[in-house]
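# sequence and computational prediction follow.
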Amino acid sequence: MDARRGGGRAIEGGADRVENRALPSRSYRRYEGVMNSEDRYDVVIVGGGPGGLSAALALGRGRKRVLLCDSGPRRNAAATHIHNFVTRDGTPPEEFRALGREQLAQYPNVVVRSARVAGITGTRGSFDVALEGGSVQARRVLLCTGMIDELPDIPGFREMWGHTIFQCPYCHGWEIRDLRFGYFVRAFEPHHFKLFALLLRGWTRDVVVFTNGFADVPEAARESLRDAGIRLETQPVTGLTGQGKKLETVRLADGSAVPCDALFLHPAQQQVELVRGLGVALDDDGFVRVDPMTRETSRPGVYAAGDLATRMQGAILAAAAATQAATVINMELTSELVTSGER
Ligand SMILES: Cc1cc2nc3c(=O)[nH]c(=O)nc-3n(C[C@H](O)[C@H](O)[C@H](O)COP(=O)(O)OP(=O)(O)OC[C@H]3O[C@@H](n4cnc5c(N)ncnc54)[C@H](O)[C@@H]3O)c2cc1C
């Protein structure tokens, strides 16, 4: 019976639609994608966001045996829609992931599990990947674990994040064009701060920059903001007011309240626990260092793609980077397999 037509036994338990798809029980044949429990995966992908799903698709189509594990909070969980991803503009994040999993279900050599990866040991070609309820072996590991956002400890921020507080105007600016924008400067960096403030003017004439207590703004930057008609508020921000998830004003330490419909912020971020524990090299901003071509980390055989490796964060960017990693991994593995007689 053909696995693609749904015959055989289910290999994973639980309610997950993809996990429950059936695979045949006959003996292992690499290019049918049939797995026995003692078999090694070619690649374990950690993280099932746009990055991980895209990599699984490319590796699946490359006829590799892939396990994708996804569990835990998602960065864009608060957002109602994904924008700026062609063919998926306006798609709810949950629907995006469900579609990804549905398409992967057509590849019997790709297994998707809603499981957390607790640790990774071993070396290139022979990794031991610890999951809840057991461990699996893999020749390569691709990390697509995203980042954890750390929002400022200011009343109102958490509730409004993803609804009227955003990180990216390309993702959400169109829907709120011509409204009153604020830009909450978390860490003052003269060049980026000015460029980002000016960028926001592309979506509205009404922009206020909140430096949250940082008053030493260079005169050249002040002048650019004035030229662009952008107001500068250097008082500390003490809170936000609004109706539920809808922002209305930004409150300042001097007691004033600035009307504001949407606030932009680049939150501090940190790596997930798994990545922090792996000991892969990070850059000065805390992103995983990768080779720009192969996307291999400082740990041979472990690759990284998506938000965890760059400040340039977006769903389609994560998908593209992970596809790049997948094609490199597939090329390496194919060379190894065809020259070792396994294929
Ligand atoms: C509020 C908000 C709105 C956004 N809106 C947009 C938008 O409209 N358009 C756009 O292009 N971008 C948007 N983004 C950015 C976009 O969400 C990210 O760039 C994108 O999701 C990154 O994809 P990724 O695959 O790298 O990581 P993620 O999508 O974050 O996925 C990583 C996954 O890995 C899982 N994971 C982590 N550790 C483990 C582990 N140990 N074991 C198993 N699984 C693990 C996580 O739980 C998560 O599910 C938004 C971001 C935010 C915060």
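Okay, I see it. Numbering: from 1, shown residues only.

# can you pull the contacts of Ala320?
When contacts are counted by C-beta atoms under 8 Å, 6 or more residues apart in numbering, Ala320 is found next to Ser54. Heads up, the C-betas are built off the backbone N, CA and C, glycines and all.

# recalculate using a threshold of 10 Å.
Ala320 is in contact with 50-51, 54, 305-306, 314, counting by C-beta atoms under 10 Å, 6 or more residues apart in numbering.

# do whichever strand or helix holds Ala322 and the ligand meet at all?
Counting by DSSP states H and E, the element that carries Ala322 is helix 315-339. Yes: residues of helix 315-339 contacting the ligand under C-beta under 6 Å from any ligand atom: 315-316, 318.

# out of these, which are buried?
Buried subset of the residues of helix 315-339 next to the ligand (neighbour count, 16 or more other C-beta atoms under 10 Å): 315, 318.

# confidence score at Ala281?
On pLDDT, Ala281 comes in at 98.

# can you report how many residues lie near the residue in the stretch 51-200 of the chain positioned nearest to the ligand?
Residue nearest to the ligand within the stretch 51-200 of the chain (C-beta to the nearest ligand atom): Gly146, separated by 2.3 Å. Gly146: 26 surrounding residues under other C-beta atoms under 10 Å.

# what's the answer for Leu282, then?
Leu282 has 17 nearby residues by other C-beta under 10 Å.

# what's opposite it in the beta bridge?
Counting by DSSP bridges, Leu282 is bridged to Val288.

# how close does it get to the ligand?
Here Leu282 is placed at a distance of 16 Å from the ligand (C-beta to the nearest ligand atom, to the nearest Å).

# verify the contact between that residue and Gln269 for me.
No: between Leu282 and Gln269 there is no contact under C-beta atoms under 10 Å: 11.4 Å.

# returning to that earlier point: please, which helix or strand holds the residue of the stretch 51-200 of the chain closest to the ligand?
Using DSSP H and E, no helix or strand contains Gly146.

# can you put the residues of helix 315-339 next to the ligand in TSV and add distance to Arg139 and pLDDT?
Listed next are the residues of helix 315-339 next to the ligand as TSV, based on distance: C-beta to C-beta, whole Å; pLDDT from 0 to 100:
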residue	distance to Arg139	pLDDT
Ala315	28	97
Ile316	28	98
Ala318	23	98
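
# tell me the centre residue of this protein?
By C-alpha atoms, centre = their mean, the chain has its centre lying nearest to Gly146, at 3.7 Å.

# ok, that one - contacts?
Shown in contact with Gly146 (C-beta under 10 Å, 6+ apart): 47-52, 72-76, 269, 271-272, 275, 306-308, 313, 318.

# what about 7 Å?
47, 49, 75, 306-308 (C-beta atoms under 7 Å, 6 or more residues apart in numbering).

# let's see stretch 232-242 as CSV, backbone CA atoms only.
Coordinates of each C-alpha in stretch 232-242 appear next as CSV, following Å, rounded to 0.1, in the frame of the first residue of the first chain:
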residue,chain,number,x,y,z
LEU,A,232,10.4,64.4,19.8
GLU,A,233,9.4,63.6,23.4
THR,A,234,12.3,62.9,25.7
GLN,A,235,10.3,62.4,29.0
PRO,A,236,10.2,58.9,30.4
VAL,A,237,7.1,57.0,29.3
THR,A,238,5.1,55.9,32.4
GLY,A,239,2.2,54.1,30.8
LEU,A,240,-0.2,53.6,28.0
THR,A,241,-4.0,54.2,28.0
GLY,A,242,-6.6,52.8,25.7
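
# can you pull the buried residues of it?
Result for stretch 232-242 [16+ other C-beta under 10 Å]: buried residues 232-233, 235, 237, 240, 242.

# swap in stretch 123-135?
Across stretch 123-135, burial judged by 16+ other C-beta under 10 Å covers 127, 129, 131.

# stretch 135-145 too?
Under 16+ other C-beta under 10 Å, the buried positions of stretch 135-145 are 136, 138-145.

# quote the end-to-end distance of stretch 70-89.
End-to-end distance of stretch 70-89 (C-alpha to C-alpha, to the nearest Å): 23 Å.

# which bits of the stretch 201-343 of the chain sit near the ligand?
Residues of the stretch 201-343 of the chain lying close to the ligand by C-beta under 6 Å from any ligand atom are 272, 274, 306-307, 313-316, 318.
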